[in-house]
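In: the following block contains a protein sequence and its predicted model.
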Amino acid sequence: MKLRVFGWVGVGLVCFLSARAQATGQLSSAPEVPPLEWRGIGGGTLRLSLSERLRGEFVDWFGDPRISGSVQPRESRYDFVGHKLQLGVGWRSEVVELFLQGQNTVLAGLPRNGVGVGSVYVANTPDRTQATVFVRQGWLRLQHEGFSVALGRQLYRDAGQGLARDPSLRWIQETRWSQRLIGPFDYTHTGRSFDGALFGLRAPTWELSAFAFLPTFGGFETDAMRNLPEIRVAGVSANLLDTSAALPNTVGRVFWSLYQDERALVVTDNRPLNRRRQSVGQMLEIHTLGGNAAHVLALPEGKLDLSAFFYGQVGDWQELDQRAYAYGIEAGYKWEAAWASPWLRAGINVGSGDSDPNDGTHGTFFQMLPTAWQYAMFPFFNMMNNRDVFVQSVLAPTPWWVLRFDWHWLQVDQAEDVLYSGGGATSDSFFGYAGLPTEGETQLAHLLQAYSTVRLHPNAALNLLYAHAFGQAVLAQQFSSPDGNYGFVEMQLTF
């Protein structure tokens with residue numbers, strides 16, 4: 001209840017500060033804050049970095065779960081708070097760059113016997129209050145004439161390479177493509193890192209990238225110092241930059257990635273539980289191949305953008321053959337000369353599901369190690385066995401205030417599969433994905449959400465999220481209430 005009151009206070013604060021900024025010009029004329037760096041040390045530049053994120057979350061998770069036809073009382077309405085402090089030190093010259101970053105995570109008020117996002121932290125670490133300190137990043141990068149190699153513990157964002165100069169194309173890359181398959185999961189209060197190597201080769205119109213990593217513990221698991229040697233990810237990608245004269249205002253990407261998982265765990269899929277238990281110890285080896293493309297067309301009153309992606313998967317899902325796919329088609333129009341530069345977008349994103357739990361094929365698209373929240377801000381679903389038809393609007397009333405509104409019509413792709421949620425492996429004892437039966441239904445929810453970010457100062461931002469799900473048949477079968485709410489109030493400080 002206290003966080004809900006805090007949330008309404010935050011909404012009022014955003015409106016007040018934004019109105020004041022428009023009246024006085026305060027936000028657009030905020031002074032630039034110099035970085036914490038010292039030049040000339042050892043022939044290079046020494047820099048300190050500091051970030052603090054404090055977030056209060058409120059959860060209303062569809063009521064009590066139904067199990068075997070009866071309702072099981074659980075904490076479905078609760079509030080909790082999380083804090084993430086990061087301190088880093090780096091040194092760079094023209095050829096060499098070093099960076100070391102420590103992180104402190106604290107969680108309080110987690111539900112003792114809950115459902116929903118707060119309960120996942122407790123499922124990984126059975127404490128209502130959690131705290132940890134660990135090394136989030138520690139890497140060495142060598143770079144020369146377009147070639148670079150980074151070795152050590154680092155963050156990696158799939159599809160985050162070859163970033164465009166055009167702001168609309170870059171937004172599509174960072175917001176609609178990046179981290180769908182592999183990401184640092186920084187929505188959570190711990191996050192995820194990767195131990196290994198990242199290679200890059202950049203030319204004026206293209207960029208090549210390759211990586212080989214072991215992911216760390218993390219995400220909803222606060223003990224994130226160790227890595228997961230039983231999980232290996234690797235891949236290569238080729239990116240077309242929007243500097244190409246032959247294809248102006250266009251970005252593209254083709255890639256291959258590999259996911260191998262040898263943890264002796266019961267995996268989540270639509271097979272009967274006894275069959276999945278019999279398969280414990282058999283490896284997952286998933287090859288994903290695909291591509292992305294986006295183009296922006298300048299028109300007299302604004303910009304039209306078109307984007308698409310397609311991913312196909314082959315390999316082994318324990319004793320099953322992996323045969324799955326995902327695709328997305330999106331379009332938008334941005335009225336650049338109008339007040340708030342309204343950007344209206346619409347599209348469909350699909351991740352295939354499995355149509356038969358008893359055959360020899362696993363047809364569910366596997367999302368590997370994503371930052372799933374980026375595409376499911378109310379995280380009761382992800383892009384596995386999912387159809388997401390959406391309309392989205394993005395407004396910028398001031399240079400430092402951005403509003404985003406979404407409507408999503410959510411369905412499961414195959415009624416014979418399960419409803420998946422989660423963001424991938426978090427430890428060696430937790431598979432990373434949960435599944436709920438669909439009971440033969442396909443209609444999941446209509447989801448409305450609003451997200452606001454206000455940069456109060458060059459070093460400070462206030463973020464607000466509120467989402468409401470009008471649950472349909474799948475959720476009505478599994479919970480005492482088909483409707484749910486989720487949101488947070490978040491303050492970020494960065495130096």
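Out: Now that the structure is in, tell me what you want to look at. Residues are numbered from 1 along each chain as shown.
In: so which residues of the stretch 151-300 of the chain form helices?
Out: Per DSSP state H, counting those that start in this stretch, the stretch 151-300 of the chain carries helices over the ranges 167-172, 273-278.
In: now the last one: buried residues?
Out: Neighbour counts over helix 273-278 (16 or more other C-beta atoms under 10 Å) mark residue 276 as buried. For the C-beta atoms, the positions are set from N, CA and C on the backbone; glycine is no exception.
In: before we move on, what about the first one?
Out: By neighbour count, with 16+ other C-beta under 10 Å as the criterion, the buried positions of helix 167-172 are 168, 169, 171, 172.
In: what's it in contact with?
Out: Defining contact as C-beta atoms under 8 Å, 6 or more residues apart in numbering, one finds that helix 167-172 is touched by 163-164, 242, 249-251, 294, 296, 303, 305, 307, 330, 332, 334, 343.
In: grab the CA positions of that helix and hand them over as CSV.
Out: What follows is the C-alpha trace of helix 167-172 in CSV, where atoms were taken according to Å, rounded to 0.1, in the frame of the first residue of the first chain:
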residue,chain,number,x,y,z
PRO,A,167,17.8,8.3,-34.2
SER,A,168,14.7,6.4,-35.4
LEU,A,169,16.7,3.5,-36.7
ARG,A,170,18.8,3.5,-33.5
TRP,A,171,15.7,3.4,-31.4
ILE,A,172,14.4,0.4,-33.3
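In: now do that helix, average pLDDT.
Out: If you average the pLDDT over helix 167-172, you get 96.
In: again with the last one
Out: Per-residue pLDDT over helix 273-278 has a mean of 96.
In: just the strands in the stretch 101-250 of the chain please.
Out: Listed in chain order, the strands of the stretch 101-250 of the chain (DSSP state E, counting those that start in this stretch) span 130-144, 147-154, 194-202, 206-215, 231-240, 250-261.
In: quick one: which of those strands is nearest residue 317?
Out: Proximity to residue 317, assessed across the strands of the stretch 101-250 of the chain by C-beta to C-beta, is greatest for strand 250-261 (9.9 Å).
In: helices and strands around that closest one, which ones?
Out: The helices and strands touching strand 250-261, judged by 3 or more C-beta pairs under 8 Å, 6 or more residues apart in numbering; DSSP states H and E, are helix 167-172, strand 231-240, strand 284-299.
In: now render the ones you listed as a markdown table, adding distance to residue 414.
Out: Formatted as a markdown table, the helices and strands packed on strand 250-261 follow (distance: least, C-beta to C-beta, whole Å):
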| stretch | distance to residue 414 |
| --- | --- |
| helix 167-172 | 28 |
| strand 231-240 | 26 |
| strand 284-299 | 18 |
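In: and residue 326, which of these is closest to it?
Out: Distances from residue 326 to each of those were compared using C-beta to C-beta; the shortest belongs to strand 284-299, at 7.9 Å.
In: the following helix or strand past the closest one vs strand 284-299, what angle?
Out: Under the assignment DSSP states H and E, the closest C-terminal helix or strand after strand 284-299 is strand 302-317. Strand 302-317 and strand 284-299 are oriented at 170 degrees to each other (axes from the mean of the first three to the mean of the last three C-alpha atoms, to 10 degrees).
In: residues of strand 302-317 that come out buried?
Out: Under the neighbour-count criterion of 16+ other C-beta under 10 Å, strand 302-317 has 302, 303, 305, 306, 307, 309, 311, 312, 313, 315, 316, 317 buried.
In: what is the nearest of the contacts of helix 167-172 to residue 182?
Out: Closest to residue 182, out of all of the contacts of helix 167-172 and judged by C-beta to C-beta, is residue 163, at 16.4 Å.
In: what about that closest one, neighbour count?
Out: When neighbours are counted by other C-beta atoms under 10 Å, residue 163 registers 16.
In: now swap in residue 360 and tell me
Out: If we define neighbours as other C-beta under 10 Å, then residue 360 has 9 of them.
In: give me the pLDDT for it.
Out: In this prediction, residue 360 carries a pLDDT score of 96.
In: redo the helices of the stretch 151-300 of the chain as TSV? Include distance to residue 208.
Out: Listed next are the helices of the stretch 151-300 of the chain as TSV, based on distance: least, C-beta to C-beta, whole Å:
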stretch	distance to residue 208
helix 167-172	19
helix 273-278	39
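In: beta partners for the closest residue to residue 345 other than its chain neighbours?
Out: For residue 345, the nearest residue in space outside its immediate sequence neighbours is residue 332; the separation is 3.5 Å by C-beta to C-beta, 6 or more residues apart in numbering. Residue 332 has the following beta-bridge partners by DSSP bridges: residue 305, residue 345.
In: now residue 332: how far from residue 343?
Out: The gap separating residue 332 from residue 343 is 6 Å, by C-beta to C-beta, to the nearest Å.
In: now swap in residue 457 and tell me
Out: Relative to residue 343, residue 457 is positioned 25 Å away (criterion: C-beta to C-beta).
In: rewinding a little: need the buried residues of helix 167-172 in a markdown table with distance to residue 433, can you?
Out: Output for these, formatted as a markdown table (distance: C-beta to C-beta, whole Å):
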| residue | distance to residue 433 |
| --- | --- |
| 168 | 33 |
| 169 | 31 |
| 171 | 28 |
| 172 | 27 |
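In: thinking again about what came up before, wait, the residue nearest to residue 345 sits on residue 346?
Out: Yes. With the criterion set as C-beta atoms under 8 Å, residue 332 and residue 346 qualify as a contacting pair; they are 7.4 Å apart.
In: shared neighbours of these two, which are they?
Out: residue 392.
In: show me which of those two is the more surrounded one.
Out: Neighbour totals were compared for residue 332 and residue 346, and residue 332 leads with 23 against 15 (other C-beta under 10 Å).
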